[in-house]
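sequence first, then the predicted structure:
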Amino acid sequence: MPVILPVKGVMPQIPENCFVAPNATIVGDVVMGDECSIWFNAVVRGDVNSIRMGNKVNVQDGACIHCTYEKTKTVIGNNVSIGHNALVHGCTVEDNVLIGMGSIVMDGVKIGSNSIVAAGAVVLENTIIEAGTIYAGVPAKKVKNISQELLHGEVDRIANNYVMYSSWFKDPEANK
């Protein structure tokens, strides 16, 4: 069973059509949109500030979403994929974003819509990632504008695939 706990009397709000893996942790002031998925060993910790997620957000295995006490909340738009072992902390992520595996996104960062943060990137505090761009490296820098093919071929594909993958776990008949 996943760990889903209130903090200071505030219980996470998780719609029925979301998937939460049996060993995921979601605590406190967390509000999830429709068709979200929180995967194995992922942690969504709304204990010190709020976390808001739009629709079709997937938080992949081992990822952590958190915020800073009395300073930064975390806001995640629609159609966002947060890769395996990524850390997303006290920032704003707009719609149609891919945050790559093992990346770190720090407090005060704003990631514009239709963007990619490459795997392993470290996005330093208060960085503004312009809409429609790809950022990579340590510290993360703009490497190029995103093409429509890449946007639809990766960002949309991954978000849609995670809705499909979650259906396999929600419906045992789908695993046959």
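Sure, I can see it. Numbers count the residues shown, from 1 in each chain.

ok, residues contacting the worst-scoring helix or strand of the chain on mean pLDDT?
Sorting the helices and strands of the chain by mean pLDDT, DSSP states H and E puts helix 148-150 at the bottom, at a mean of 86. Counting by C-beta atoms under 8 Å, 6 or more residues apart in numbering, the neighbours of helix 148-150 from elsewhere in the structure are 116, 134. Backbone N, C-alpha and C define where each C-beta goes, glycine included.

if we go by neighbour counts, what in the helix or strand following it is buried?
Helices and strands here follow DSSP states H and E; after helix 148-150, the next one along the chain is helix 157-170. Under the neighbour-count criterion of 16 or more other C-beta atoms under 10 Å, helix 157-170 has 158, 159, 162, 163, 166 buried.

what do you get for stretch 125-136?
Those would be 127, 129, 131, 132, 133, 134, 135, 136, for stretch 125-136 by 16+ other C-beta under 10 Å.

ok, stretch 11-30 next?
By neighbour count, with 16+ other C-beta under 10 Å as the criterion, the buried positions of stretch 11-30 are 12, 14, 18-21, 24-30.

how about TSV for those, with pLDDT, distance to residue 141 and secondary structure added?
Converted to TSV, the buried residues of stretch 11-30 look like this (pLDDT from 0 to 100; distance: C-beta to C-beta, whole Å; DSSP: H, G, I helix; E, B strand; the rest coil):
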residue	pLDDT	distance to residue 141	secondary structure
12	98	35	coil
14	98	36	coil
18	97	34	coil
19	97	35	strand
20	97	35	strand
21	97	34	coil
24	98	32	coil
25	98	33	strand
26	98	33	strand
27	98	34	strand
28	98	34	strand
29	98	33	strand
30	98	31	strand
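
from the residues you listed, which is closest to residue 37?
Proximity of these to residue 37, judged by C-beta to C-beta, is greatest for residue 19, which lies at 4.3 Å.

for the chain, which strand is longest?
Within the chain, and with DSSP state E defining each element, the longest strand by residue count is strand 43-53.
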